[in-house]
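Asks: Give me the fold of what follows.
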Amino acid sequence: MAESSMQRNKLEGRVAIITGGASSISEATARLFADHGARMIVVADIQDDLGQEVAISIGTDKCIYMHCDVSNEDQVKVYQSLVDSTVQTYGQLDIMFSNAGIVSASSQTVVDLDFTTLDRVFAVNVRGMAACVKHAARVMIEKGVRGSIVCTASVNGSRGGPRLTDYSMSKHAVIGLVKSASTQLGVHGIRVNSVFPSAVATSTLCRSFGGIDAEQAEKICERLASLKGIVPKVNHVADTVLFLASGDSAFVSGHDLVEDGGLLSKMV
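Replies: Purely as a prediction, here's the structure:
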């Protein structure tokens, strides 16, 4: 980030939940939130060992890990689970970054669409996203918090592709969720936005490209973008999420913030 930005505690005193927090974009965002003064960051995932490592490395005085499978609404909401436990322990919830998501291991073209696989993708990417938005919004309204909810969509949510039909469908659904939630929650002062990353060398993307390593994935991601001379990194997405979570975007809601190095522009 720019030096001037790092000099400000943009999230001072805020309490945040980050789903999918054990790796990649979520991990980078958790570290950035801590750098900007968040009072507590709750990273939620099903990768328990990795999640604990992230929390310990950031510092357990400002980051904790909670096991949460977002496809199970009870784990998102009920007593001693993600949202309620966070509010009971820290008094409020200011930021929900709903980033947990999966990609099918198979190509999932239309003619070979496996619906068991599709159901699992939708359970995490759509149902899980909706559960996080729903229960974050409820506690924000109850506590009178003018909070920020950020959902991870994708450039795949605004176009089709030769494969991963179920993933593209799920990200289109996220966009609809953000548009609806921002319209309904604005009266409570709650902002809802999405971030639109393109190809970034996350562990999920590496697996979807057949198990290639991060360096190979970065070369592919760099070739896809119109903007040259820069390799897309998870930190760039984290910077975008920080903007949407902080007061810098105080009048931004219902927006899909594209962070793709010009990829979508050249596809028009």
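Asks: Least confident secondary structure element in this protein?
Replies: The least trusted helix or strand in the chain, going by mean pLDDT, DSSP states H and E, turns out to be helix 3-6, with a mean of 47.
Asks: where do the helices sit along the protein?
Replies: 3-6, 24-35, 48-58, 73-77, 82-90, 115-122, 129-143, 165-185, 203-208, 214-224, 234-245, 263-267 (DSSP state H).
Asks: any idea which of those is most buried?
Replies: Ranked by mean neighbour count, the helices of the chain are led by helix 24-35 with a mean of 24 (mean count of other C-beta atoms under 10 Å). In short, each C-beta sits where N, CA and C put it, glycine included.
Asks: Looking at the helices of the chain, which is nearest to Val150?
Replies: Minimum separation from Val150 across the helices of the chain (C-beta to C-beta) falls at helix 234-245, 4.8 Å.
Asks: what's next to the closest one, contact-wise?
Replies: 1, 10-11, 14, 16, 24-25, 27-29, 31-33, 36, 95, 97, 148, 150, 191, 193, 195, 197, 200-202, 249, 252, 255, 257, 259 (C-beta atoms under 8 Å, 6 or more residues apart in numbering).
Asks: pull the CA atoms of that helix into CSV?
Replies: Written as CSV, here are the backbone C-alpha positions of helix 234-245 (Å, rounded to 0.1, in the frame of the first residue of the first chain):
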residue,chain,number,x,y,z
VAL,A,234,-3.6,-11.3,-3.1
ASN,A,235,-2.4,-8.1,-1.4
HIS,A,236,-4.0,-6.0,-4.2
VAL,A,237,-7.4,-7.6,-3.4
ALA,A,238,-6.8,-7.0,0.3
ASP,A,239,-6.2,-3.3,-0.4
THR,A,240,-9.6,-3.2,-2.3
VAL,A,241,-11.4,-4.9,0.6
LEU,A,242,-9.8,-2.4,3.1
PHE,A,243,-11.2,0.5,1.0
LEU,A,244,-14.7,-1.0,1.0
ALA,A,245,-14.5,-1.8,4.7
